[in-house]
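Engineer: I would like to see how this sequence folds:
(2 chains)
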Amino acid sequence: AQSVAQPEDQVNVAEGNPLTVKCTYSVSGNPYLFWYVQYPNRGLQFLLKYITGDNLVKGSYGFEAEFNKSQTSFHLKKPSALVSDSALYFCAVRDRLNDYKLSFGAGTTVTVRA
Amino acid sequence: ETGVTQTPRHLVMGMTNKKSLKCEQHLGHNAMYWYKQSAKKPLELMFVYNFKEQTENNSVPSRFSPECPNSSHLFLHLHTLQPEDSALYLCASSQVDVRGIGAYEQYFGPGTRLTVT
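Structural biologist: Next comes the predicted model:
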């Protein structure tokens, strides 16, 4: 079985400040990890993924995420948030050997105030 | 969002109606998915089609019926729905390897906002 937890329903930050969206996962084997963003009235857009190798993954729009195997975490980060980053963010996991299904977290709403 | 398109974008239907949602992917992928998105809940995977097999989630009621005539098109046929079926229905596509798995990300359409009255 595999699952994802996003412990924060909402994250509020001021523009220009660092943004972190937390994600922890559970899989029986080694994970593939993904971050998606959803803007109002839109589908999910792929931001970045971790497959193997460097624990720090860089993605679209200046976002990056750090894979931490010991803490089973994959937190999304952006050094300087923009108002346009306000959206719903989803973390997802797949067990790379046992399951083709992608399991999503419940999502975190990010609000960046000007 | 020309990669994965969905029609209609909005649908209001009565509980006795029959309707279909359509999804088309222009990315050359070999797997397609239907998800249900309800507020404050994780996305629920409903159905998966890839070149190997169709997988159905056993918890999906039979009033939802998928159809995948080819690798580019996916339908979700709806009949005698319940008000609790009101949600955003998302279609996605991806590449998968010969085992039906892989590290490939999924690409999503804009969704169909379904309201059952």
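
Engineer: Pull out the buried residues from stretch B:28-46.
Structural biologist: For stretch B:28-46, burial by neighbour count (16 or more other CB atoms under 10 Å in any protein chain shown) applies to B:29-37, B:42-46. (C-beta placed from N, C-alpha, C; glycine too.)

Engineer: Check the offset of it from the chain's centre.
Structural biologist: Here stretch B:28-46 is found 6 Å from its chain centre; the criterion is CA atoms, centre = their mean, to the nearest Å.

Engineer: After the helix or strand of chain B with the lowest mean pLDDT, which helix or strand is next?
Structural biologist: Taking mean pLDDT, DSSP states H and E as the measure, chain B has strand B:54-56 as its least confident helix or strand, at a mean of 67. For strand B:54-56, the following helix or strand on the C-terminal side (DSSP states H and E) is strand B:64-70.

Engineer: what's that next one packed up against?
Structural biologist: With contacts taken as 3 or more CB pairs under 8 Å, 6 or more residues apart in numbering or on different chains; DSSP states H and E, strand B:64-70 sits against strand B:44-50, strand B:54-56, strand B:73-79.

Engineer: what's the burial count for residue 107?
Structural biologist: By default, I'm working from chain A. Applying other CB atoms under 10 Å in any protein chain shown, we find 25 residues neighbouring residue A:107.

Engineer: hm, I was asking about chain B
Structural biologist: There are 21 residues near residue B:107, going by other CB under 10 Å.

Engineer: cool, and residue B:110?
Structural biologist: Number of residues near residue B:110 (other CB under 10 Å) recorded here: 18.

Engineer: what's the answer for residue B:65, then?
Structural biologist: For residue B:65, the count of nearby residues is 15 (other CB under 10 Å).

Engineer: Spatially nearest residue to it (excluding sequence neighbours)?
Structural biologist: Ranked by CB to CB, 6 or more residues apart in numbering or on different chains and with sequence neighbours excluded, the top spatial neighbour of residue B:65 is residue B:77, at 4.3 Å.
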